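Novice: Structure for this input, please:
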Amino acid sequence: MKAKLFEPYTLKNVELKNRIVMAPMCMYSSHNEDGKVENWHRTHYTSRAVGGVGLIILEATAVTPQGRISPQDLGIWDDAHIEGLKELVDLMKEQGAKTGIQLAHAGRKAVLDGDILAPSAIPFNEEMKTPVEMSANDIEKTIAAFVKGAERAKEAGFDVIEIHGAHGYLINEFLSPLSNKRNDEYGGPAENRYRFLREIIDGIQLVWDGPLLVRVSAKDYHDEGLDVEDYVVFAKWMKEQGVDLIDVSSGALVPARIPVFPGYQVKLAETIKNGAGIDTGAVGLITTGIQAEEILQNERADLVLLARELLRDPYWPRTSAQELGVEIEAPKQYERGW
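Specialist: Modelled structure (predicted):
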């Protein structure tokens, strides 16, 4: 049986050489606190392109300075960021990878000086700052910032944009009734809580014609929170808006005990794929080629996203190919050792 992991996959108008995706992972390495690309990013991301990853998605990149998780986050809130991002894109593409960027706003999980914003004035936990409830004007400006971020991503040459709607950050905070207690058109029933994301997607679609992904946390791990069936509904709405794939993670909206085991989030991706009729990416303790191949062969998801495993092994595509008995092309400079 041919290994599906190494088959090409088409995302809208972009063909990936395989189904291996590097998931967004914050590097907290913009040490001048200006959000600009540094040498670490050039080394880190390009090495995974050399290693054979099909699609590399940059870490959460803040659409406003206030939307950073930390002062060391990468940014895309200013035209001054485009030059470094373009250089990074060119380096990755030169080594055969397609490139993505995750547009993000941290919301109430920002660890910054000054006010932080959220749909409601509810802190993440007792140790963290109480956010300011966003006004209608704040919401409008933040949606516009996501759209401007997409325009800059296009100018930098990215192939794919992912909207960060997961892990307890701003968009996720709007979606869940645990963190959204608003009584206006952005709170209350599911349609209203989805409105913020809906308007971000609509705005980005006006300026971006490439593949659009959304990362979600498909389970709040709380009795009064959202579960995967709620996200099946959201995913249907995203599909109607032209979203191409849902990147399915879980948790981190509220402090919670999460049962973690190999592939623990795959079932969530499978449920959304089948329930909403939309392609999905599976992520979460996927570490071996055999495990990844099982997910794809059984059509539980369409792409496999790796995070920490690609920190441990930048050449994981080669490792998994050997596991599966597949020959893959080496960078010509490495052929004698491949």
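
Novice: alpha carbons only for contacts and neighbour counts from here, please
Specialist: Will do.

Novice: Show me the shaky parts of the chain.
Specialist: 1 (pLDDT under 70).

Novice: all helices of it, in order?
Specialist: 39-50, 82-94, 136-156, 170-175, 190-207, 228-240, 266-276, 289-297, 308-312, 316-324 (DSSP state H).

Novice: most tightly surrounded among these?
Specialist: Most buried of these by mean neighbour count (mean count of other Cα atoms under 10 Å) is helix 170-175; its value is a mean of 28.

Novice: who's in contact with it?
Specialist: Residues outside helix 170-175 that contact it (Cα atoms under 8 Å, 6 or more residues apart in numbering): 105-108, 118-119, 164-166, 179-180, 186-187, 190, 193-194, 196-197, 216-217, 253.

Novice: For that helix, list the C-alpha coordinates in CSV.
Specialist: C-alpha atoms of helix 170-175 as CSV (Å, rounded to 0.1, in the frame of the first residue of the first chain):
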residue,chain,number,x,y,z
LEU,A,170,-9.2,36.2,21.5
ILE,A,171,-11.3,34.5,18.8
ASN,A,172,-11.7,31.4,21.0
GLU,A,173,-12.8,33.7,23.8
PHE,A,174,-15.6,35.1,21.7
LEU,A,175,-16.8,31.6,20.6
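
Novice: next one: that helix to chain centre, how far?
Specialist: For helix 170-175, the separation from the chain centroid amounts to 14 Å (computed by Cα atoms, centre = their mean, to the nearest Å).

Novice: now do stretch 124-137
Specialist: Worked out by Cα atoms, centre = their mean, stretch 124-137 lies 23 Å from the chain centre.

Novice: Also stretch 225-238?
Specialist: That offset, for stretch 225-238, works out to 17 Å (Cα atoms, centre = their mean).

Novice: what sits up against stretch 46-54?
Specialist: With contact meaning Cα under 8 Å, 6+ apart, stretch 46-54 is reached by 16-22, 56, 88, 91-93, 95-98, 310, 314-318, 331.

Novice: If we use 7 Å, what do you get?
Specialist: 16-22, 91-92, 95-98, 314-315, 317, 331 (Cα atoms under 7 Å, 6 or more residues apart in numbering).

Novice: nearest residue to L5 other than its sequence neighbours?
Specialist: Distances taken as Cα to Cα, 6 or more residues apart in numbering put R19 closest to L5, at 5.3 Å, once the chain neighbours are dropped.

Novice: Looks like that neighbour contacts Y9 (just checking).
Specialist: Yes - here R19 reaches Y9: they are 6.3 Å apart, a contact under Cα atoms under 7 Å.

Novice: wait, which of the helices of the chain is closest to S70?
Specialist: With Cα to Cα, the closest approach to S70 among these belongs to helix 170-175: 14.2 Å.

Novice: ok so, going back, list buried residues within the contacts of stretch 46-54.
Specialist: 16-22, 91-92, 95-98, 314-315, 317 (16 or more other Cα atoms under 10 Å).

Novice: so of these, which ones are in strands?
Specialist: Among these, DSSP state E puts 16, 20-22, 98 in strands.

Novice: Going by distance to I139, which of these wins?
Specialist: Lowest distance from I139 to these (Cα to Cα) belongs to M22, with 30.5 Å.

Novice: Which residue is the nearest non-sequential neighbour of the closest one?
Specialist: That would be I56: by Cα to Cα, 6+ apart, it lies 4.7 Å from M22.
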